[in-house]
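# kindly return the folded structure for what I paste below:
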Amino acid sequence: MTNPHDSSLEIPKRSWARRILWLLVCGMILFGVVVFREVGKWLVVEDPISHCRAIAVLSGSMPLRAIEAAILYRQGYAPEIWLTHSAEPGATLEAMGISFAGEDYYNARILIHEGVPQGAIRILEPPIVNTADEIEVISSTLSGEKDRSVIIVTTKAHTRRTRMLWRKLARGRGHAIVRAASGDAFEPKHWWRTTGDALDVVREVLGLVNAWAGLPLRPGQ
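You can find the predicted model right below:
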């Protein structure tokens, strides 16, 4: 007669439990490795290019974004280039009695250097702090135009977050085509090899999480 308390009957069950746990751990590790390797490529998106009302240059990464905007302008994709006006560090420096021309000033100089007429360059207001502010300013400006389409130029790793923020914040005020600066040295397939690319990926992933959550985190005052 079999002893109901015979511990030898538990051995196969414990063995299978350990195997399943090991498979789960291996699966999670494999998934993590795939995500780690592919996240750089996932961050980079681009929309098909077409003629638009304007080309908007997002703040940051001078001179890459402005140069790309000039290329698109010379190719005839838009009659005007829009620049956003960053609030900082100009406001802080002004309070210290230090003059600062502003990033939009230098982007305008880059555009002129690259063959864009000064009359085709427009500085948008009000001042911005982050990408969400830029989307609000660009979409608000676009809503008053007959042709409500814009090409938004940014850097490679920033393209997915730019597209997501447009869909969340523009609220049907226009159509945006997101394009990356062709001269950007970001390497999507090997983003972990340089500190600059790694920082870009970390910042963009955190920014996307914040966007998914409804932008609960705002820039510090």
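# can you pull up the most central residue in this structure?
residue 158 (2.2 Å; Cα atoms, centre = their mean).
# do you know how far that one is from residue 165?
According to Cβ to Cβ, to the nearest Å, residue 158 and residue 165 sit 10 Å apart. The C-beta positions use only the backbone N, C-alpha and C, and glycine is treated the same way.
# joint contacts of those two?
Counting by Cβ atoms under 8 Å, 6 or more residues apart in numbering, the shared contacts of residue 158 and residue 165 are residue 131.
# for this structure, which segments are assigned as strands?
54-57, 81-86, 121-128, 149-154, 175-180 (DSSP state E).
# which one of those strands lies closest to residue 39?
Residue 39 sits nearest to strand 175-180 of all the strands of the chain, at 16.1 Å, using Cβ to Cβ.
# what's the closest one packed up against?
When contacts are defined as 3 or more Cβ pairs under 8 Å, 6 or more residues apart in numbering; DSSP states H and E, strand 175-180 sits against helix 64-74, strand 149-154, helix 159-169.
# wait, isn't residue 128 in contact with residue 83?
No. Residue 128 is not in contact with residue 83 according to Cβ atoms under 8 Å; the separation is 10.5 Å.
# of these two, who's got more company?
The residue with more neighbours, out of residue 128 and residue 83, is residue 83; 25 against 22, by other Cβ atoms under 10 Å.
# who does that one bridge with?
For residue 83, the beta-bridge assignment (DSSP bridges) gives partners residue 57, residue 123.
# looking at the helices and strands packed on strand 175-180, which is buried most?
Of all these, strand 149-154 has the most neighbours on average by mean count of other Cβ atoms under 10 Å, namely a mean of 25.
# parallel or antiparallel, which strands does that one pair with?
strand 54-57 (parallel), strand 175-180 (parallel).
# deepest of these, which one?
Of those, strand 54-57 is the most buried (mean count of other Cβ under 10 Å), at a mean of 28.
# from the chain's centroid, how far away is that strand?
15 Å (Cα atoms, centre = their mean, to the nearest Å).
# what's that strand in contact with?
65-66, 69, 72-73, 77-84, 107, 122, 124, 134, 138, 142, 145, 150-153.
# in CSV, list the C-alpha atoms belonging to it.
Taking Å, rounded to 0.1, in the frame of the first residue of the first chain, the C-alpha atoms of strand 54-57 are listed here in CSV:
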residue,chain,number,x,y,z
ALA,A,54,6.3,75.3,-43.2
ILE,A,55,9.3,73.5,-41.8
ALA,A,56,9.6,73.7,-38.0
VAL,A,57,13.0,73.3,-36.3
